[in-house]
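[1] generate coordinates for the sequence data below:
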Amino acid sequence: MLNLSQNRIEGRIDRSKFKSFAMVKEFSANKTFLRLLVGSFILFLIILFLPWTQNIRSKGYVTTLAPDQRPQHIHTVIAGRIEKWFVREGSYVEKGDTILYISEIKDDYFDPDLLDRTESQIKAKELTVNSYMEKVKALDAQIDALFQTKRLKLKQADNYIKQAQLKIQSDSVELEAAKTDYEIAKRQLARMEDLYKDGLKSLTDLETRKLKVQETMAKQISAENKLLKSRNQLINALVERSSIENQYKDKLAKSEAEKYATMSNLYDAEAVVTKMQNQYMNYSVRQGLYYITAPQSGDITKTVRTGIGETIKAQAEVVSIMPGQYDLAVSMYVRPVDLPLLQIGQKIRFMFDGWPSVVFSGWPNLSFGTFGGKVVAIDNFTSANGKYRILVAPDKDDKEWPQQLRVGAGASGIALLKDVPVWYELWRQLNGFPPDYYHSNVDQMGNSSEKNTNPDKNSGTTTNSK
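    The predicted model follows:
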C-alpha cells in the first residue's frame, strides 16, 4: 500500500478477519534496494583492492623430460619376412628381449654356410698374402747377393786396372832404358868408326859395335811393343769394369722391378683380405639382425606390422614401445608476446584432463585440483604454429603429480606472474596491455623476491630494465 491518506486504520481493524487485507503485504523496497546498492558498492571497492595474480594460460600435453624416455618406434635394419612374434600389444619387455624374428629374402644371403665359405675364402687369400711376402723376402735376399757380388767384381776390376797401370809404368821405364842403351850404342859406334879410320881399332871391333847397336835397337822396339800391350790391357780392364757395372745394374733393376710387382700383388691381396673380412663381419652382424630386440625396457603399445609371412622393407617401423621408467613433464606453447614474461624456474600450475579441479586463476591459493611445475627449458625459435615451446617439470616442493597420468594427456597451464590489485588488472585488461614484466630472484637465504621492470603502471607500456 502507498499509505497516501492521513487517516490510518492501523490498530482499529483486525485484518485477520478480512481476506482482502490478508492478501495485501507491506514492502519497503526503497530501503532494501538502497541497502543492497550500498553493500554492493562497498563489496566492489573491497574486491578492487584485493590482490590479484597476473597469469598466462596455455594448452599443452604431457610428455617426458628426457628424449630417450618418450615413445619410440622400433625399426628393422634389414628387409625380411616375418616368421615369429614373441610379444603382443600391451606386453612388458626388458631391454634385449626378442620381439620379432624375420627371415632372409635376398638371394645373396640364402646360403646357410655363408659364413663358413667366406671364412675359407679369407684363409685362402691369407695364404696368398703369405706367399707374396715370402717372395718379397727372397727377392730382397737376391738383391743383397747381387749387391755383394757387384761390389766384389768391381774391386776385382779395380785391381786389374791398378795392375795394368803399374805394368804401364814398368814398361815405360824399360822403354826409356832401351832408348838410352840405343843412344849410347850409337855414340860408341861413331867413336869406333873414327878410331877405325885413324887405324886405332880393328874392323872386328867396328863390326862388334854395329852388332851392339842393332841389339839395342831391337830391345827398344821390344820395350815399346810391350808398353803398347800394357796400355791395351789397361783399356781392357776399364772396359771390363764398365761392363760389370752395367751388367749388375741391369740385374738389380730386374730384381727390384720384380720385387715391386710382387709387393703390388701383395698389397692387392691384403686389400682383398681386408674387404673379405669386412664382408664376413657384415654377414655375421646381418645374421644377428634377424632377431629384433627391445632397445630398452617398456610396454609394447602398438604393432605396426602384423601376421606371419608378411614382407617388410629395410628401415620399416615394426612396433611402438613406451619406456617403463620416465620422468613426466608438460610441453606447452606460449605466444611470442608472452615469452619475455617467462624464465627458467618459473612456477606453473596445471589442470590435467581427467582430474577435477576448481580454478581461480587470479587467486591460486583458492584453487583446488591443480598441480605445480617449474619451467626447465624454453625454445629459442618458434614452432610450426608460430608459438614458442616451453618444457615444464614437476615442482618438487609441491604435491606430486598423479601416478595415473600418462604421456600424451592434455594439460592446461597457468603461469603465475606478479601480484597486483584487482583494479589494476581490470584497467590493464580494458586497455589491452600485456602483464607486467618482472624478474623473480632468489637470495642466498632461499627467499624469493620479485623485481618489477615496469614501475610506471599508468603508462601502460612494458620496458625492460636490461
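[2] and stretch 101-116, end to end?
    End-to-end span of stretch 101-116 (C-alpha to C-alpha, to the nearest Å): 23 Å.
[3] give me the contacts around that stretch.
    With contact meaning C-beta atoms under 8 Å, 6 or more residues apart in numbering, stretch 101-116 is reached by 76, 78-84, 86, 117, 280, 283-284, 286-287, 290-292, 311-312. In this view, the C-beta of every residue, glycine as well, is placed from N, C-alpha and C.
[4] which parts of it are buried?
    I102, E104, L114 (16 or more other C-beta atoms under 10 Å).
[5] now stretch 333-343
    Buried positions in stretch 333-343, judged by neighbour count with 16+ other C-beta under 10 Å: Y333, V334, D338, L339, L341, L342.
[6] just those: which are in strands?
    Within the buried residues of stretch 333-343, residues falling in strands by DSSP state E are Y333, V334.
[7] I'd like the buried residues of stretch 333-343 laid out as a markdown table, including distance to G372 and pLDDT.
    Converted to a markdown table, the buried residues of stretch 333-343 look like this (distance: C-beta to C-beta, whole Å; pLDDT from 0 to 100):
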| residue | distance to G372 | pLDDT |
| --- | --- | --- |
| Y333 | 20 | 90 |
| V334 | 18 | 88 |
| D338 | 19 | 79 |
| L339 | 21 | 81 |
| L341 | 18 | 78 |
| L342 | 15 | 82 |
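[8] widest-spaced pair of the buried residues of stretch 333-343?
    Y333 and L341 (14.2 Å; C-beta to C-beta).
[9] what's the offset of the longest strand along the chain from the middle of its chain?
    With secondary structure taken from DSSP E, the chain has its longest strand at strand 51-64. Going by C-alpha atoms, centre = their mean, to the nearest Å, the spacing between the C-alpha centre of strand 51-64 and its chain's C-alpha centre is 39 Å.
[10] give the closest residue to Q220 in space, chain neighbours not counted.
    The shortest distance from Q220 to any non-neighbouring residue, by C-beta to C-beta, 6 or more residues apart in numbering, is to A178 (3.8 Å).
[11] distance check, the one you found against R187.
    Look at A178 and R187: by C-beta to C-beta, to the nearest Å, they are 15 Å apart.
[12] kindly report the same for G298.
    Relative to R187, and taking C-beta to C-beta, G298 is found at 131 Å.
[13] what do you get for L43?
    169 Å.
[14] now pLDDT, secondary structure and distance to F371 too, for the buried residues of stretch 101-116, in JSON lines please.
    Formatted as JSON lines, the buried residues of stretch 101-116 follow (pLDDT from 0 to 100; DSSP: H, G, I helix; E, B strand; the rest coil; distance: C-beta to C-beta, whole Å):
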{"residue": "I102", "pLDDT": "92", "secondary structure": "strand", "distance to F371": "44"}
{"residue": "E104", "pLDDT": "90", "secondary structure": "coil", "distance to F371": "52"}
{"residue": "L114", "pLDDT": "88", "secondary structure": "helix", "distance to F371": "58"}
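[15] among those, which one sits closest to P394?
    Closest to P394, out of all of those and judged by C-beta to C-beta, is I102, at 40.8 Å.
[16] show me the contacts for the closest residue to that closest one other than its chain neighbours.
    In this structure, I102 finds its nearest non-sequential neighbour in G80, 3.3 Å apart by C-beta to C-beta, 6+ apart. By C-beta under 8 Å, 6+ apart, the contact set of G80 is I102, S103, E104, I105, Y290, T311, I312.
[17] so G80 bridges to which residues?
    Applying DSSP bridges to G80 gives these bridge partners: I312.
[18] so for it, what's the pLDDT?
    Note on G80: pLDDT of 91.
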